[in-house]
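S.K.: give me a 3D structure for the following:
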Amino acid sequence: MLPEGLYSFPLTPFTPQDTFARDVFAEHVEQQVTAGPAALFVACGTGEFSALDAAEHRAVVATAVEVAAGRVPVYAGVGGGPRLAAGFARGAAEAGADGLLLMPPYLVESAPAGLVAHVRHVAGATPLPLVVYQRANAVLDPPSALALLDLPTVAGIKEGRGDVDAMQRIIATVRASGHPRAESFAFVNGLPTAEVSVPAYEAIGVTGYSSAVLCFAPDIAVAFHRASTRGDVTAMRTLLAEFYVPLVGLRDKAPGYAVALPKAGARLAGLDVGPVRPPLLDATEEHVAELKDIIARGRAALAGIAARGVAA
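M.R.: Numbers count the residues shown, from 1 in each chain. Below you'll find the predicted structure:
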């Protein structure tokens, strides 16, 4: 069963020679583990899975497993066509991963039943628990979500489409199915800058979410999660207004900024994670300056929240 909470999706750092920067990644993973997430998801979207070859992917997973040292579970991103995804899954298992996140299949459109067949193929490659990432061309409906319950290693669905109505119908169908795994099957909010949609997804029973902000401003990410957990609506609204909504506005200025901005933020924090790989582009100097200001506003908001707490 996938542990519920705040999920870290670490960046994959690269050297100036465009190789995997293992030592920087090890430092980054240690910082992430220290922040206290429920699980690490490495070599996923924020970790530029699509830009890694098989050897790099295995090195990323093995390094994360070594650094985490059992303190939190390590899930590895896998994807591509069914045979490629199954190969990445086997490599992740051999590297010591605790679970897998299956990203959408490359390019191909399919009916939901075809997606289930794809999941079945990849899930059969290892005994590891597997989370299905619903996004882009990977779209489930209630019957196909029910079919996933019959695949014993499929642990849940990460929702990245933003269709709350469709997700509510899937969740309601699964929970009311009477299937032995109906209650333990996990649903995760995996939208970019997921914090903005947390209130909407919490309303339909999805409380766990991924956080790219954890990669570069863990203090803000953890504070928001704590506020959400204890129902501190005032703190959530303050952080949304002062930090998350402006961040989304900046993110939407260029395709690929959901990855490029966290890397820029990590560099601003002093971690030399290097550039993004093609086809992504790094954030412009103007946008990095804007990001720096947004982070400062977020930390000022945190200080104000803390001061109000002391005053109360």
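S.K.: ok, then the element right after the helix or strand hosting residue 165?
M.R.: Per DSSP states H and E, residue 165 falls inside helix 164-175. As assigned by DSSP H and E, the chain's next helix or strand after helix 164-175 is strand 186-189.
S.K.: now do the SS call for residue 150.
M.R.: Assigned with DSSP: H, G, I helix; E, B strand; the rest coil, residue 150 falls in the coil class.
S.K.: how many other residues sit next to it?
M.R.: As a burial measure, residue 150 scores 11 neighbours (other C-beta atoms under 10 Å). (C-beta placed from N, C-alpha, C; glycine too.)
S.K.: what about it, distance to residue 49?
M.R.: In this view, residue 150 and residue 49 are 27 Å apart by C-beta to C-beta, to the nearest Å.
S.K.: thinking again about what came up before, mind listing what's buried along the helix holding residue 165?
M.R.: For helix 164-175, burial by neighbour count (16 or more other C-beta atoms under 10 Å) applies to 164, 166-168, 170-171, 174.
S.K.: out of those, who's nearest residue 294?
M.R.: Taking C-beta to C-beta as the measure, residue 294 sits nearest to residue 164 out of the buried residues of helix 164-175, at 25.9 Å.
S.K.: before we move on, the earlier item: and the helix holding residue 165, what does it pack onto?
M.R.: Counting contacts by 3 or more C-beta pairs under 8 Å, 6 or more residues apart in numbering; DSSP states H and E, helix 164-175 packs against helix 142-148, strand 186-189, helix 198-202.
S.K.: same thing but 7 Å
M.R.: helix 142-148 (3 or more C-beta pairs under 7 Å, 6 or more residues apart in numbering; DSSP states H and E).
S.K.: beyond the helix it packs on, next helix or strand please.
M.R.: According to DSSP H and E, the helix or strand after helix 142-148 is strand 154-159.
S.K.: now that following strand: average pLDDT?
M.R.: When pLDDT is averaged along strand 154-159, the result is 98.
S.K.: return the list of strands paired to it, each annotated with direction.
M.R.: Strand pairing for strand 154-159, using DSSP bridges, gives strand 130-134 (parallel), strand 186-189 (parallel).
S.K.: orientation of it relative to helix 164-175 in degrees?
M.R.: 160 degrees (axes from the mean of the first three to the mean of the last three C-alpha atoms, to 10 degrees).
S.K.: so how far is strand 154-159 from its chain's centroid?
M.R.: Taking C-alpha atoms, centre = their mean, to the nearest Å, one finds strand 154-159 lying 12 Å from the centre of the chain it belongs to.
S.K.: contacts made by that strand with the rest, please.
M.R.: Outside strand 154-159, the residues that touch it by C-beta atoms under 7 Å, 6 or more residues apart in numbering are 1-2, 99, 101, 119, 123, 129-134, 140, 145, 148, 167, 185-190, 206.
S.K.: what's the most distant pair in the buried residues of helix 164-175?
M.R.: 164 and 174 (15.6 Å).
S.K.: need phi/psi at residue 77.
M.R.: Phi and psi for residue 77, reported as degrees, to the nearest 10, are phi -70, psi 140.
S.K.: pretty sure it sits against residue 47.
M.R.: Yes. The criterion here is C-beta atoms under 7 Å, and residue 77 meets it with residue 47 at 6.5 Å.
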